[in-house]
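1. following is a predicted model, sequence given first.
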Amino acid sequence: MKPLAIALLSGGLDSLLAVRVLQLQSVAIEAIHVQTPFVSSEESAARVADELGVPLTFRRVGEDYVEVLRNPRYGFGKAVNPCLDCHLYMTIMARDMMIERGACCVVSGEILGQRPMSQKRNDLDLLSSRSGLVGRLLRPLSAKLLEPTIPETERLIDRARLCDYAGRGRRPLIDLAETLGVRYVPAPSPGCALTEKTFAPKLRDLFHFNAKATLWDCELVRVGRHFRIDPIHKIVLGRSADDNAKLAELAARDEAVAATLLEPESFLGPNAILCGPVSEDMLQLAGVLMAAYTRQIDPECREVLVLVSRRNASELKRIDVSNMAAARQTHVPLAR
């Protein structure tokens, strides 16, 4: 019977190749894709799984992931990216699936030295030990540069047919894909929003002012322009039709316990979410900012209609927007 391995499948080239290398040794693979609020790679992961012909399980991070973001044990990179803590979290999820399935190891597309925050040799060793996978965490693309894993020493996997890649070059991996007959080579991923320095102020703001932040709050951080009004109020404006749709979807969820959705009725403009206690002043300000951040409204306009929705109840509000130019100067969005 073929040995079974659980592969962490990101949707990128590295994890694709790691799986393909093992498939050529007749290792059975089941894949797991871990979903976070900061990476949108489900579609790519599904396509990679289809290319490889492996079953794919999607699992979302839990609410405990918020603490990983707030207080990472191994620190942040140049932005708010707790890469090592995040990789450890995902690896533990894969370990749990390995135990559930009775697999021999967890497979990762990590390459020695490729990422400075999480793939130095010490980092790879730490991930193995802290995840409880010493001898059971296999990196096929760098395996010959690392200590043999248990499946290798037990001859379930032929170490001689594994690889010895190191560093950041992509060209050798593309060449390997051609050698292995891979038809679909994923484009380089736009990456995780947490690594973007311009994204950091919004997440820092969230954790500074909200001691009870949830995954819902983290999802909201990815959307639109964020305006910190005071310690208990924040207004978020959509920047596109996609943002508007996402804000409406977030506001409709059960987790949106302190969110009020505002939608333009008499003009074309951004949706808004008001986070925090509702007051007439805050609704007025949110409506003014909605009018201020659209080009589809006459600068001489003095009043607009906005639909305000909260907990399945909606009402139309007339908003005085005569001060929208001043409001745009006074209220500056957090970076990005």
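-> Noted; the coordinates are in hand. Residues are numbered from 1 along each chain as shown.

2. contacts and neighbour counts: CA atoms only from here.
-> Noted.

3. list the buried residues for stretch 66-74?
-> Burial within stretch 66-74, assessed by neighbour count using 16 or more other CA atoms under 10 Å, is assigned to 66, 68-70, 72.

4. just the mean pLDDT for it, thanks.
-> For stretch 66-74, the mean per-residue pLDDT is 96.

5. still on that earlier bit, the buried residues of stretch 66-74: which two are farthest apart?
-> 66 and 72 (9.7 Å; CA to CA).

6. packing partners for the helix or strand that contains residue 202?
-> Here residue 202, judged by DSSP states H and E, is contained in helix 200-209. Counting contacts by 3 or more CA pairs under 8 Å, 6 or more residues apart in numbering; DSSP states H and E, helix 200-209 packs against helix 215-221.

7. please name every helix or strand in contact with the helix it packs on.
-> helix 65-70, helix 200-209, helix 241-251.

8. out of the ones you listed, nearest to residue 177?
-> helix 65-70 (33.5 Å).

9. so for the following helix or strand past the closest one, what gets flagged as buried?
-> On the C-terminal side of helix 65-70, the nearest following helix or strand under DSSP H and E is helix 83-101. Across helix 83-101, burial judged by 16+ other CA under 10 Å covers 83-86, 88-95, 97-98.

10. which residues in the stretch 51-200 of the chain form helices?
-> For the stretch 51-200 of the chain, applying DSSP state H, counting those that start in this stretch gives helices covering 65-70, 83-101, 121-130, 150-153, 171-179, 200-209.

11. ok, which of the ones you listed comes nearest residue 142?
-> Of all the helices of the stretch 51-200 of the chain, helix 121-130 comes closest under CA to CA, at 10.6 Å.

12. nearest to residue 269, of the helices and strands packed on helix 215-221?
-> Of these, nearest to residue 269 by CA to CA is helix 241-251, at 9.1 Å.

13. which outside residues touch the closest one?
-> The set of residues that contact helix 241-251 without belonging to it, under CA atoms under 8 Å, 6 or more residues apart in numbering, is 216, 220, 223-224, 237-238, 256, 259-261, 270-273.

14. which residue is nearest the middle of this structure?
-> Centroid-nearest residue in the chain: residue 38, 2.2 Å away (criterion: CA atoms, centre = their mean).

15. please name the residues that touch that residue.
-> Residues in contact with residue 38 (CA under 8 Å, 6+ apart) are 192-194, 219, 222.

16. cutoff 6 Å now
-> Neighbouring residues of residue 38 by CA atoms under 6 Å, 6 or more residues apart in numbering: 192-193.

17. for it, give its distance to residue 324.
-> Remark: distance between residue 38 and residue 324 (CA to CA, to the nearest Å) = 32 Å.

18. now swap in residue 234 and tell me
-> Using CA to CA, residue 234 is found at 18 Å from residue 324.

19. now stretch 250-265: buried residues?
-> 250-252, 256, 259-264.

20. and what of stretch 130-144?
-> Buried, per 16+ other CA under 10 Å, within stretch 130-144: 131, 133-144.

21. ok, and what's touching the helix or strand bottoming out on mean pLDDT in the chain?
-> In the chain, no helix or strand scores lower on mean pLDDT, DSSP states H and E than helix 324-330, which sits at a mean of 90. The contact list for helix 324-330 (CA under 6 Å, 6+ apart) reads 288, 292.

22. what about it, distance to the chain center?
-> Offset of helix 324-330 from its chain centre (CA atoms, centre = their mean, to the nearest Å): 33 Å.

23. and if you look at stretch 137-148?
-> Distance of stretch 137-148 from the chain centroid (CA atoms, centre = their mean) equals 27 Å.

24. CA atoms of it as CSV?
-> Presented in CSV, the C-alpha positions along stretch 137-148 are these (Å, rounded to 0.1, in the frame of the first residue of the first chain):
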residue,chain,number,x,y,z
LEU,A,137,7.9,17.3,8.5
LEU,A,138,9.3,16.7,5.0
ARG,A,139,10.5,19.5,2.7
PRO,A,140,11.1,17.6,-0.6
LEU,A,141,12.6,20.6,-2.4
SER,A,142,15.4,21.0,0.1
ALA,A,143,15.4,17.5,1.7
LYS,A,144,19.0,16.6,0.8
LEU,A,145,20.2,19.7,2.6
LEU,A,146,18.3,18.8,5.8
GLU,A,147,18.3,15.9,8.3
PRO,A,148,16.5,12.7,7.0
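
25. and which of the buried residues of helix 83-101 is nearest residue 127?
-> Using CA to CA, those come closest to residue 127 at residue 88, 5.8 Å.

26. next, count neighbours for the residue nearest to that closest one when sequence neighbours are not counted.
-> Distances taken as CA to CA, 6 or more residues apart in numbering place residue 127 nearest to residue 88, at 5.8 Å, with adjacent residues excluded. Neighbour count of residue 127, defined by other CA atoms under 10 Å: 23.

27. got the helices and strands packed on helix 215-221 as TSV, with distance to residue 282 columns?
-> Converted to TSV, these look like this (distance: least, CA to CA, whole Å):
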stretch	distance to residue 282
helix 65-70	28
helix 200-209	17
helix 241-251	17
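
28. alright, calling it a day.
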